[in-house]
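>>> turn this into a structure:
(chains A and B)
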Amino acid sequence: MADRWVCLVCDYVYDSEAGDPEGGIMPGTLFKDLPESWCCPYCGAKAKSFAQADE
Amino acid sequence: MDKLVAVDALQIGMYVKLQDDSIKGTGLEKAFFITDPGQLRQIRGLSLRYGKVYVDLDRQWQPSPIDDMSHAAESEKRETSVVEPESSPEQAQQNSVDRIKQAASDPSMEPKKKAAAVYQSAREIMQTLFECPTAEFIKDTKEAVGSLVDMVLEDEEAANALIKVTQHDYYTYTHSVNVGTLSICLAKKLFQTDTASHDMRELGAGFFLHDLGKVRVEKEILNKPSRLTEAEMKRMRIHPYQSYKILQESSQLSEECRVIAMQHHERDDGTGYPLRLKGEQIHVYGRICCIADVYDALTAKRSYKEAMPPFEALKIMKNEMLHHFHREIFNNFVMLFSK
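Here you go, the predicted structure:
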C-alpha cells in the first residue's frame, strides 16, 4: 500500500517506505504517524502543507 | 459573506473555512486561501458534510506581481565580479573586512564616498561568503555588518547615501547587501526610541544573511537566464529553511535573528512560505526583511525585465501587494525614500 505525500511548498515527496532517516524517521513510518515536530527536510513546511501524491 | 460550495466547485483564490470535525487529526488549518492545486486534493480527501465547505466570498487571493519574478538569474562571470582574484579567499576576505571597518568609522570621509566604499566592500564580503559559506566567513560577515550598522546608527547622512548607492544587478550577493542595508535602515526607524532592546548588530547580520540558503539550490536554477518553471520555483522555496539551517549549524547567530531567514517569505495574509504564518505570528524582524526583499526584487534588473524605478516599485507594493505586509511597517519603509 503506497503511502506517498508531496510537499505543496517545494515538491519534496515523503515516501513511508523510505521514511526520513536524517530527520529521525524510520522507514515504514506512515505519514499520519509522523510526530507533530516533523517538517519537510527541504523547505521546513509542516504536515499541513502535504497532500497525498497522485498515483 | 460565507457560502456553502461543493468541493468540485472550489477554485484557486477562494478563502475556505473548514469545520473542526472535518480537519480533526489532519493538521490542516481551519481557514485559509487556496493558492495551490494540491490544496484542492487535500480538501477533497476530507470527510465533509454533504461534500461542501464554506467559502468567504468577500475574500479573494490572486497571484502577486512578485510571484513571477524569481530571484536573481545571475551569471558567474568572474571578470565582472568585485573580488580580487590573486589573494586567497581568506586573505581577500580579511582585506575587505578591514576596508569596511576603516571606511565606516572614518570621520573625515564625506558621507557619499563613505557609503560607496562601505557598499562596495560589503558586496565583496558577501560574494566571497556565497562562494564559501563557512562558519568562519559567516563570522567575518557578522563583524563587517557590525561596522556598517554602527555607521547607519551614528551617521544619518551616510545612512541616507547608502540607500541611494544601491545597485540593481543580477547577483544574489548584491541583493543580500541591498536587503540587509534597507532592513537595517528600516529597523533603525522603527526602533528609534528603543534601540537598546534590540541587538542591532546581530539583527543586521540576520538581514544580510537571510538568503544564504541559496547555496543549497542547484546552480542551474540560480543561474538560469530566463524565467523559472513552476517546478524550479518550488525548488527555490527551500532557501529560507536552508538559510536557517546553515546559520544554526554555524552557531553564529541568535535564534531571533535566524528566524529572519526562516520567515522572510511569509506574508501577512498567510499565503507565504514555508509555514503559512499569518499577521502577528510573523516576527517583526521577519516582516522588515520581507518588505525590503520584495522591494529589491522589484527594482532589480533581470534578464527578462529592466530595473524598476523606486517610486514605481513602491506604488506596486502599495496598490497590489499591501496584504503581504504589515501596514505600519510598510508606511515607515516608504518614508525611508523621502529624504
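
>>> when you work out contacts or count neighbours from here on, use the C-alpha atoms and nothing else.
Noted.

>>> the chain: strands as residue ranges?
Assuming you mean chain A. Remark: strands assigned in chain A by DSSP state E are A:4-7, A:13-15, A:50-52.

>>> was after chain B, sorry
Under DSSP E, chain B gives strands at B:2-6, B:14-17, B:31-33, B:52-60.

>>> OK, contacts around residue A:6?
Shown in contact with residue A:6 (Cα atoms under 8 Å, 6 or more residues apart in numbering or on different chains): A:12-14, A:50-53.

>>> widest-spaced pair of those residues?
A:12 and A:52 (11.8 Å; Cα to Cα).

>>> so what's the residue of the stretch 151-300 of chain B found nearest chain A up against?
Nearest to chain A in the stretch 151-300 of chain B, going by Cα to the nearest Cα, is residue B:238, at a distance of 4.0 Å. Residues in contact with residue B:238 (Cα under 8 Å, 6+ apart) are A:10, A:42-44, B:213, B:217.

>>> which of those sits closest to residue B:227?
residue B:217 (15.8 Å).

>>> number of residues surrounding the closest residue to the closest one other than its chain neighbours?
Distances taken as Cα to Cα, 6 or more residues apart in numbering or on different chains put residue B:236 closest to residue B:217, at 6.5 Å, once the chain neighbours are dropped. Residue B:236 has 23 neighbours, counted by other Cα atoms under 10 Å in any protein chain shown.

>>> do the same with residue B:329
Neighbour count of residue B:329, defined by other Cα under 10 Å: 17.

>>> same thing with residue B:43?
Residue B:43: 23 surrounding residues under other Cα under 10 Å.

>>> check residue B:147 too.
Residue B:147: 22 neighbours (other Cα under 10 Å).

>>> what pLDDT does it get?
Note for residue B:147: predicted pLDDT of 95.

>>> these two touch, right, it and residue B:97?
No. Using Cα atoms under 8 Å, residue B:147 is not in contact with residue B:97; the gap is 9.1 Å.

>>> now the residue lying closest to residue A:31 once chain neighbours are set aside: phi and psi?
Nearest residue to residue A:31, sequence neighbours excluded (Cα to Cα, 6+ apart): residue A:16, at 6.4 Å. Dihedral pair for residue A:16: phi -60, psi -30, per degrees, to the nearest 10.

>>> ok, residue A:16 to chain B distance?
According to Cα to the nearest Cα, to the nearest Å, residue A:16 and chain B sit 17 Å apart.

>>> how about the contacts made by the residue most central in space within chain B?
Centroid-nearest residue in chain B, with Cα atoms, centre = their mean: residue B:293, separated by 3.9 Å. Each residue near residue B:293 by Cα under 8 Å, 6+ apart is listed here: B:179, B:264.

>>> and the residue of chain A closest to chain B?
Chain B sits closest to residue A:43 of chain A, with a gap of 4.0 Å, by Cα to the nearest Cα.

>>> so where do the helices sit in the stretch 51-200 of chain B?
For the stretch 51-200 of chain B, the helices defined by DSSP state H, counting those that start in this stretch occupy B:89-104, B:111-131, B:135-154, B:156-164, B:172-190, B:200-208.
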